[in-house]
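Engineer: build me a structure from this.
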Amino acid sequence: MTGSDTPSSFRLAYVPGVTPTKWVRVWHERLPGTPLELVQVPAAEAGRLLADGGAEAGLVRLPVDRDVLSAIPLYTETTVVVIPKDHAATAAEEVTLPDLADEIVLHPLDDPLGWETLPGRPAIERPATTADAIELVAAGVGVLLVPQSLARLHHRKDLTYRPVLEAPESRVALSWPQEEPTPDLVEEFIGIVRGRTVNSTRGRAATPPQPTAKEKAKAKRAGTAGGSGRKPAPGGKQPAGGRRTGTPKGGRAGQTGGGKRGKPRGR
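Structural biologist: Residues are numbered from 1 along each chain as shown. So this is what the prediction gives:
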């Protein structure tokens with residue numbers, strides 16, 4: 001990541017409910033000299049921000065325009081219904097869509113779930129934002145279905161939530177403008193969210209592995225065993241393949257030492 005065309009900072013957009021903290025922490029550990037700037041953006045505006053160059057990459061909610069943006073799905077969120085703490089549905093651990101048939105279900109304009117058919121009864125008007133819809137739930141006007149992260153983001157002491165079975169779900173993805181090749185800093189962040197190690201060869205030069213202390217000690221012992229690299233046999237004996245070829249003591253030439261002697265000739 002060198003060169004005059006490399007940006008001096010990295011801008012990361014993120015939509016409400018998404019928490020980029022763990023990835024930002026890894027970024028600061030690996031690239032302490034490259035600042036990371038967080039840009040919060042409404043979910044409906046995230047795609048346009050990336051396409052216009054307002055950020056190098058973004059943590060967004062799918063779908064995105066695949067003709068303009070690349071995307072890697074990261075995880076899928078549970079859908080919950082936000083209700084007052086004294087609501088009858090709090091008696092159950094989970095709620096089904098038919099359970100909401102008699103409820104006024106609020107449908108904010110920034111809803112990320114993409115309903116084909118909203119359950120329950122519609123409100124007279126659609127709230128402008130999820131935050132506005134939360135206020136209406138607190139006032140007893142209706143209930144609200146959202147990804148669980150948004151229910152936590154807009155937490156209130158007088159409200160709670162329950163998971164909703166068989167409801168549409170929101171998928172969160174890392175997205176960036178389509179470019180060839182992908183910019184180095186974007187590749188770096190892709191590696192971080194995918195859990196690549198710091199020595200990954202994808203998008204950066206790999207650091208050669210360093211020998212362990214055990215390997216260093218083994219190499220040192222091998223270097224002190226002698227110039228030939230062959231260890232002497234125990235007891236001073238010649239190793240295999242190093243047998244003497246001279247006349248053995250007390251024997252004739254051509255005899256091996258350790259064979260039986262022949263009988264002496266008679267006179």
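Engineer: which of the helices or strands spans residue 164?
Structural biologist: Secondary-structure element containing residue 164, defined by DSSP states H and E: strand 159-165.
Engineer: would you mark the buried spots in that strand?
Structural biologist: Neighbour-count burial for strand 159-165, counted by 16 or more other CB atoms under 10 Å, picks out 159, 160, 161, 162, 164. For glycine as for every other residue, the C-beta is placed from the backbone atoms N, C-alpha and C.
Engineer: can you count the residues close to residue 109?
Structural biologist: When neighbours are counted by other CB atoms under 10 Å, residue 109 registers 12.
Engineer: I misspoke; the intended subject was residue 123.
Structural biologist: The burial count for residue 123: 17, using other CB under 10 Å.
Engineer: how near is it to residue 132?
Structural biologist: 11 Å (CB to CB, to the nearest Å).
Engineer: same question for residue 196.
Structural biologist: On the measure of CB to CB, residue 196 and residue 132 end up 41 Å apart.
Engineer: before we move on, what about residue 92?
Structural biologist: Using CB to CB, residue 92 is found at 27 Å from residue 132.
Engineer: pick out whichever of the two has more residues nearby.
Structural biologist: residue 132 (14 against 11).
Engineer: please name the residues that touch the more buried one.
Structural biologist: residue 108 (CB atoms under 8 Å, 6 or more residues apart in numbering).
Engineer: the host helix or strand of it vs strand 159-165, what angle?
Structural biologist: Per DSSP H and E, residue 132 falls inside helix 130-138. Angle, helix 130-138 to strand 159-165, by axes from the mean of the first three to the mean of the last three CA atoms, to 10 degrees: 100 degrees.
Engineer: chain center to helix 130-138: distance?
Structural biologist: Centroid displacement of helix 130-138 relative to its chain, using CA atoms, centre = their mean, to the nearest Å, is 34 Å.
Engineer: any idea which helix or strand comes after that helix?
Structural biologist: Assigned by DSSP H and E, the successor of helix 130-138 is strand 143-147.
Engineer: please list all residues in contact with the residue lying closest to residue 153 once chain neighbours are set aside.
Structural biologist: With sequence-adjacent residues excluded and distances taken as CB to CB, 6 or more residues apart in numbering, residue 153 is closest to residue 17, at 5.3 Å. By CB under 8 Å, 6+ apart, the contact list for residue 17 reads 77, 147, 149, 150, 152, 153.
Engineer: so what's the residue count around the fifth one?
Structural biologist: Going back to what we said before, that points to residue 152. Using other CB under 10 Å, the number of residues around residue 152 comes to 13.
Engineer: do the same with the fourth one
Structural biologist: One way to gauge burial is a neighbour count; for residue 150, by other CB under 10 Å, it gives 29.
Engineer: check for me that it belongs to a helix.
Structural biologist: Yes - read with DSSP: H, G, I helix; E, B strand; the rest coil, residue 150 is one of the residues of a helix.
Engineer: residue contacts, it?
Structural biologist: Per CB under 8 Å, 6+ apart, neighbours of residue 150: 16, 17, 112, 130.
Engineer: distance-wise, check it relative to residue 183.
Structural biologist: 31 Å.
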